[in-house]
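Novice: Give me a 3D structure for the following:
(one chain, ligands or ions: 1)
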Amino acid sequence: MTADDLKKQAAARALELVQPGMRLGLGTGSTAKHFVDLLGERVAAGLDVICVATSEATQAQALSLAIPMSTLDETPELDLTVDGADELDSALRLIKGGGAALLREKIVAAASRRMVVIADDGKLVGKLGRFPLPIEVVPFGLEVTRRAVAKAIAEAGAAGELTLRKRPDGEVLVTDGGHYILDAHLGTIDHPEALAQALNIVPGVVEHGLFIGLAAMAILAGAGGLTILGAAE
Ligand SMILES: O=C(CO)[C@H](O)[C@H](O)COP(=O)(O)O
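Specialist: Numbering: from 1, shown residues only. Got it, this is the predicted structure:
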């Protein structure tokens, strides 16, 4: 079974949580893409839902499948958001933003009664930090912000290189919100809450990829089947 098959299995299990009439947040990335594809099939078969996307890419995918789309301004309270993650631990603390959508992903997750993570079980780690932590920053004053981010990371007891994310063609990546991303290569994050708080107050930091206290459940697919973390309902 391929990693993509596992992602699809997790997405299919998450689809079972969707009820008619629900207001849904749609995540971003290759795993969330499976969920949106499967949801599109259910919508084509008559399921009534209204959705908000976490990225322009997901918005385009959902519209191509004729999924009814809204905005957070029109639909500020969501019942369920289903999204992928780059890493998670057993306390359902996440690193997100590998697909550069962390800002909208966090806003949508926070507007949802319930956030469910779907992933292959290779994303589950004992300690967060192997995946570089994405930190979204405004382009203005980048070097000043980079130094302040480095200081905040050190104060939270972590250390590692900060790299400005580039696109495959070598140009600086610009997010849907018009910002840059600094990836913090930390190796391990011993104190995720402290790091999140330290980053929250750096001027120029728009958002960071530590999602703490947002996910209520994770559906992890592995060779041995599905593992559910958190509250199943
Ligand atoms: O946070 C994200 C995008 O910003 C994604 O959810 C995360 O990168 C996981 O992606 P994938 O399902 O492709 O592994």
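
Novice: Domain map for the chain?
Specialist: Following the assignment in automatic domain parsing, the chain carries domains at 3-124+212-224, 133-202.

Novice: Name the stretch among the ones you listed that sits most buried.
Specialist: Relative to the other members of these, domain 3-124+212-224 carries the highest mean neighbour count by mean count of other CB atoms under 10 Å, namely a mean of 20. Placement of C-beta: from N, CA and C, glycine included.

Novice: and it, how far out from the chain's middle?
Specialist: On the basis of CA atoms, centre = their mean, to the nearest Å, domain 3-124+212-224 sits 9 Å off its chain's mean C-alpha point.

Novice: Do me a favour and get the end-to-end distance for that domain?
Specialist: Between the start and the finish of domain 3-124+212-224 there is a gap of 13 Å, counting by CA to CA, to the nearest Å.

Novice: Minimum distance to Gly230: which of the domains of the chain has it?
Specialist: Shortest separation from Gly230 across the domains of the chain is recorded for domain 3-124+212-224, at 4.0 Å, computed as CB to CB.

Novice: average pLDDT across that closest one?
Specialist: For domain 3-124+212-224, mean pLDDT is 98.

Novice: Longest strand in this protein, by number of residues?
Specialist: In the chain, ranked by residue count with DSSP state E as the criterion, the top strand is strand 215-222.

Novice: Listing partners with orientation, what would you give for that strand?
Specialist: Based on DSSP bridges, the pairing partners of strand 215-222 within the sheet are strand 115-120 (parallel), strand 225-230 (antiparallel).

Novice: And the contacts of the first one?
Specialist: Read that as strand 115-120. Applying CB atoms under 8 Å, 6 or more residues apart in numbering, the contact partners of strand 115-120 are 3, 6-7, 10-11, 13-14, 17, 25, 27, 31-32, 34-35, 80-85, 88, 92, 94, 109, 214-222.

Novice: Near the ligand, list only the ones from those.
Specialist: Restricting those to those within reach of the ligand (CB under 6 Å from any ligand atom) leaves Gly27, Thr31, Ala32, Asp83, Gly84, Ala85.

Novice: any idea whether the last one is helix, strand or coil?
Specialist: This points to Ala85. coil (DSSP: H, G, I helix; E, B strand; the rest coil).

Novice: my guess is it meets Gly97, correct?
Specialist: No. Assessed by CB atoms under 8 Å, Ala85 is found out of contact with Gly97, at 9.6 Å.

Novice: Include distance to Gly230 when you put the domains of the chain into a markdown table, please.
Specialist: Compiled in a markdown table, those are given as follows (distance: least, CB to CB, whole Å):
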| stretch | distance to Gly230 |
| --- | --- |
| domain 3-124+212-224 | 4 |
| domain 133-202 | 17 |
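
Novice: So which of those is nearest Ala232?
Specialist: domain 3-124+212-224 (6.5 Å).

Novice: State the distance from the residue positioned nearest the centre of the chain to Lys123.
Specialist: Most central in the chain under CA atoms, centre = their mean is Lys96, positioned 4.2 Å from the mean C-alpha point. Between Lys96 and Lys123 the distance is 11 Å, computed by CB to CB, to the nearest Å.
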